[in-house]
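> this one's structure only:
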């Protein structure tokens, strides 16, 4: 039987003898026999690591098309960016992978310093003063932002744009149910911009949540929302696309109080949706309300620079029911990966990569909109855009998948009470011209044959 | 232009200024302009790491059959064994990978101790007192063994069995040409055992070289060769299969003076033939003649156990033209991998793995020899056996390759002056029953359709 | 020596990145983005060479302790060996490189993998159905509490309180608050277990349920769990099982059999997915059949379509909704499943047996030098106290912890659970060998011995001395927080 | 603290391995193996758990310095940054997992890869054809010398001597001996270059050729290389280029253009394949068209078959035979090719330009405190001397080297080349940044300063103090060699 248990039979016996026990079973004598499982667990018997890998490969194989993943033009919060080899080498260093939360800073400077660097990087990207050391994902970051806003304003109504990633909104609704918050919608205009018609909106609002760019790729004009928030004393929460920040003004610069994002595009593989990482930034005045871990710089007793988790009195293990959040284990390793990725990218690479995403998406959108019946809905876009198709979006996605392409993400908007479908597409810097050309050719065929 | 050169333009300028130079070109002013290359090298321009990986993947793809490597029943010195995941994790630790020869033992205890452990392991496997810290491969280990024997005996004729891996023998012949040694053949009997007819053999022999098991899978009776060597004062060099040592008496136990092997089966991937590692063991009396590096245990100035390369006066960098060999950079990383592999395998795993190879090969041979016209030539075998086929071996290998299998290795023997072909097959512990059954079915078809 | 930050290694104009050759026209973002929203100044990311990048993070890693470097008896964290084959799984094409919005028709492998893991989690916990969405234990707790709420609401009940024991993990009360409940604490009795009589007094129609870890955070099995569950159920409450300590009981007893209704399990603890310096983890929640309709969606379900069985994403009928942006920490789930497959039913049971053996053996070996506040057989961990050392020589649990760092071990959890003074909470896990435990016990006892001498005491107050840094000034960090490199240094 | 050997971690009955489920019958080896040859006692391999195995080698790795941890200015070894994408290449299915005896029809990718690399190696060295078989530089040397011998024999010439400069790497004379020649040394002149007049005196009809590194091991370009080659060629000798220092001249000048006939290159130096703690490397040998027929075989060749171009293994007509069991260190070759592709012609030229810039800059920065025996512009490395320090205060090159280990750097090569007293041979490589060189120069100068005071001198004699071990007793190791754990300890 393969096992990671080191004990030889003789050692087991010796240890039981030391404990004056006859059998391993006796260790469990305090468990009422009624509670004891009288049979074996209904799981397969153990096998070698090689058979495990075969089984897992067989699962994996069924997610591939001719042994390759679908060539992706989908975004929707998860982007197929290049991942540099350095990240694979450094990100799997077992000192990072097999450590835990840095409770003992003297032997955890590696993780702590990386997180301090992460916080700095995310603050620079978001344009806000402080950032925490990661949350689970973009959705959970939004949930925590809403909680912060409610705590800060002592209000319980949130206005959420229909242009915010619908999965984040769904998640936020789940948790709002628990905390008794009210989430109200802000509808989109036909060209996919969030509308504020102040006359119809409540005043007792904790926060307004806007996507930037929004889910459909539109670059929302944050200044409008900032002004509105100022008028009603609400916080502005911006859910941003971190890659776009290379070219767009930052949420911080445009007045966001809290900026949240899905950090996956920063070096984290698509991973079927996880593990990703939530980015969370805010201004200093909300420091004591920030959820999750914070790492701070300090000195050791020789006066040397050292790092430590700090302001821990916000955290659940200290403050228990009064904590700002219940976050304990979160996504530290992914935060380290993002730190490595952003350091690899650097100042120039960040801009160039975003620009390449832009060039590729422009190229793709221009070609796609030359297909008969396909039209662009966005008035503005940067690296993701929404197309109206002459056939069902689900059909196109399904057909293109059998041809080796993930055509995009289905988006739905309400236009005068009616739901309309869109295909939201993106082309990252990873996509070659050849891939895009072939995709457009095949999509043309699919659309034509479906008419 | 992607590059690993860190210099910014400003830094380059500063450094050139410090050197009172105007351009990088001036650094090369001492090279006669006649010698200077007046054009660019005829290589492609630099590209991103992603494009490099694409190119290398394209090469790789052309070595695969339906995106998979051929399922291998070939040995011939390179065996498709399982490689545990721990080896991949530990063997790629960058401290091992990006270090060099441990010239500074104070900062090289990792490599040094691993090599000390390697030497110990290989001595235990070979049954000989000392082992070096690796050579390039099995072939080079044989070359060095021959050199040692010639130096020790001051003779220059070597008898090499036809049962020794022909690629090792070819390599040895190449180098014998240089040093003026004579390599004479020992022919095989029809059942593939090395024959010694003493009357026809020279007496002035430095060494006799035998395979164990030999290239055709036969377990040679080393005692016979030991006796013969004793009579003529020659050394016995045994080229062994390291995996078989789990079940067979060791070369040392059976009287070998030098035992060499290809260490690839000890955790090194097939790698299209390299990097592998040569195993080299001998008895203490030849310590001063041993080629390559040796690591010894010693103490540091605080009296703590430490390791260091030792007996370096044999080596080329100290002894120059009088060195026992010219080996400098060799295969340290692979030696570390073998150390990790053997430690993972352990006492029980070593035996069980070899036994599984045996069981699988027996199963395969039994099934194959039930195909009409296929017969076993070995009287003895352990994990590799030679079959006579009713059709051309090259044809079978080619046809089976298109079906996804590497059918085996082609062997050739001389029987009464005529060359006969054999298919040498092996089934490692990695092969499943399903793979073997399918292989036999397809091979049956190929043979039948070719008749 | 200290490592400069990546920002200090930065030099203008240096680069590490590489980008494919440009094949499409370069376009001007002004054409599709309002100029007022285009950035004027580029983000100040560090500018380093790949070589310096690798040097920096490799050196940082060398300033970090980890399971792969040695024993890590951090109580309640189950820092066991993380199998390396799971690293291969995590980098298998077809798993790590699949977009989560791939249509389920083209992600059948992922859906089946998840459905398989759900089944195993249910079998191990004795539950009917599960969700894999929660990304960590605390997320699982909150999910479970939301399910609890949805359940009560479905019966039109208004419940306001959740009971937790005083020894509970801090996440429990925090989750209770976030789920909109009031946390009510039930004290432990003198055996370190829930005071059943006291509990009964707290139970009324306002109680939504109770959260419990079993074995509890003292490493003790709640022997009266059946009575506790009965009592809670009797007022219509639900029993929530915090799976942080599941490593003690796999194949031995199951939360479902104990009377729990909702169970989360920490895959990064019990099922050996690595802790990653503090995540990613995974906290699947399993529930009884009655609660299954409330589970988050979507969930993978095997459905028959045109005579062919295939997996589809399905959302339970009364689902509380999504609790993760996609389907949870998928790759972590794959790691955990591969661990379960490797061990099998037999190996998993052995995991718990040996985890408990190791804990009891270590407990016995240190019980002369340290007080063990509760005397019964422990489960996979135990709590010792340095109270005697503090009283007699001023050496605190923290000093022992710090000194252990100098001795090649990670420290145990200290000052938790709160019910034990100067607590040292030790969880050796099943993957540590007898030899390692012998050394650990020796070192712990030697440190206690040291604590009895004046010289030893000052030595212990100074510890650690051989670590990458000495004790750090936590007060300074909190008083003048410097949370980014851009903020002024506070010293 | 010291790490026990794996043998000391061993405990009877412990295992880490796993083996697939047995599907075929268990057979008795006695049925096919003579019983007298079957082992009676199993080989005493260590018995450890996977967890302890991982702990052991992870801890060992933490006792090892490496390029990824910092600068490694080991002269003549070109310890540059090793790109991580090459690690991906080395683990690509279709490369690492292909059996070398796969028929060439099914290994077209590998053959084309090798043919491509051969072409690039030839272009870079200015040669006509190449072999990739030699597994290291020294193997390349021997291969080249055997080609030299075969060439002379083909003309019926008997040549007995090979000339090497006194500054040559030790592998040169060793290879010369192994190839059956006598090594004849030509001294250096006062500029550190081959003494051309002396060389001319050594040349006669017994000379098979001359081996030369250019730049030489002093880091100096042999300015009279054309005259040297002419002189050697004039007696029918061949010029052999030791490629150890190729990193100085890629795209600047080519051995072929200098008059060399045979060139080896060290892929693990110039083309950044990692050194692996002392291998694997790769030492391809490239030759002029005239020598191509003598190259080892088989070689990949593009041939036309039935109107289709494909690669086949072909052995040159007058081949010296095989020099490696298969085709050389194939995966190392793939790494090197990927490095060449990444850099391209432009990047490779820059490599040499910046390698030379770094060396000259560092040389200038340390030239006040250390003697620089040869004053002309150096190439990619230079040799400094600690002679002054030794004479004035008894501090030797070795002491400086050891003290540098305490300062976060690897030591330079010491006491080589032999022609310089107290030699410190430094090769910073192009991948070290200006910032790193500034610190390195500061530390080197500070150590020289330290060497002027009594206290500093004893400090330097004691160095290193912060390394995993202190200075080791090499004499003891050699006097009473303990080469395996089984031999009695010598202390």
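Structure received. From a predicted model like this one, the values you see are computed outputs, not experimental measurements. Numbering: from 1, shown residues only, chains lettered A, B, ... in the order given.

> Please count neighbours and contacts with C-alpha atoms only from this point.
Noted.

> could you list every residue that touches the closest residue to residue A:135 other than its chain neighbours?
Of all residues not flanking residue A:135 in the chain, residue A:278 sits nearest, at 4.3 Å (C-alpha to C-alpha, 6 or more residues apart in numbering or on different chains). By C-alpha atoms under 8 Å, 6 or more residues apart in numbering or on different chains, the residues touching residue A:278 are A:134-141, A:260-263.

> Let me have the residues you listed in TSV, extended by distance to residue A:408 and neighbour count.
TSV is the format used below for these (distance: C-alpha to C-alpha, whole Å; neighbours: other C-alpha atoms under 10 Å in any protein chain shown):
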residue	distance to residue A:408	neighbour count
A:134	28	33
A:135	26	34
A:136	24	33
A:137	21	32
A:138	19	30
A:139	20	31
A:140	24	28
A:141	24	28
A:260	23	32
A:261	20	28
A:262	18	28
A:263	20	28
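
> For residue C:490, give me the pLDDT.
pLDDT for residue C:490: 65.

> Residue A:3 too?
On the pLDDT scale, residue A:3 gets 87.

> Any stretches of the chain with poor pLDDT?
This is for chain A. Counting by pLDDT under 70, the ranges of chain A that qualify are A:1-2.

> looking at chain C here, not the other one
In chain C (pLDDT under 70), the answer is C:1, C:490-491.

> that older thread, let's see which of the contacts of residue A:278 end up in helices.
Under the assignment DSSP state H, these contribute A:138-141 to helices.

> quick one: the residue nearest to residue A:135 and residue A:347, what's the gap?
Per C-alpha to C-alpha, to the nearest Å, residue A:278 is found 22 Å from residue A:347.

> Could you do residue A:128 as well?
Separation of residue A:128 from residue A:347 (C-alpha to C-alpha): 18 Å.

> what does chain C put close to chain B?
Residues of chain C lying close to chain B (C-alpha under 8 Å from any C-alpha of the partner chain) are C:11-21, C:48-51, C:83-85, C:87-88.

> could you flag which of the residues you listed are buried?
Buried by 16 or more other C-alpha atoms under 10 Å in any protein chain shown: C:11, C:13-20, C:48-51, C:83-85, C:87-88, out of those.

> ok, which of the residues you listed also contact chain A?
C:15-20, C:48-50, C:85, C:88.

> Identify the farthest-apart pair in the residues you listed.
Greatest spatial distance among these (C-alpha to C-alpha): C:15 and C:85, at 34.2 Å.

> Could you spell out which stretches of chain A belong to which domain?
A:9-58, A:71-84+A:347-450, A:85-340 (automatic domain parsing).

> before we move on, what about chain C?
C:1-63, C:86-342, C:351-476.

> quick one, which of those domains is nearest to chain D?
domain C:1-63 (5.1 Å; C-alpha to the nearest C-alpha).

> How far off centre is that closest one?
Chain-centre distance of domain C:1-63: 33 Å, with C-alpha atoms, centre = their mean, to the nearest Å.

> and what of stretch A:149-162?
Relative to its chain's centre, stretch A:149-162 lies at 21 Å (C-alpha atoms, centre = their mean).

> next one: stretch A:410-425
23 Å.

> and the end-to-end length of that stretch?
Terminal-residue distance, stretch A:410-425 (C-alpha to C-alpha): 9 Å.

> mind listing what's buried in that stretch?
Buried-residue list, stretch A:410-425, by 16+ other C-alpha under 10 Å: A:410-413, A:421-425.

> Now intersect the residues you listed with the strands, please.
Among the buried residues of stretch A:410-425, the residues falling in strands (DSSP state E) are A:410-413, A:421-425.

> I'd like to know which of the residues you listed is nearest to residue A:29.
residue A:410 (56.6 Å).

> Could you pull up the contacting residues of that closest one?
Contacts here follow C-alpha under 8 Å, 6+ apart; on that basis residue A:410 touches A:393-394, A:421-424.
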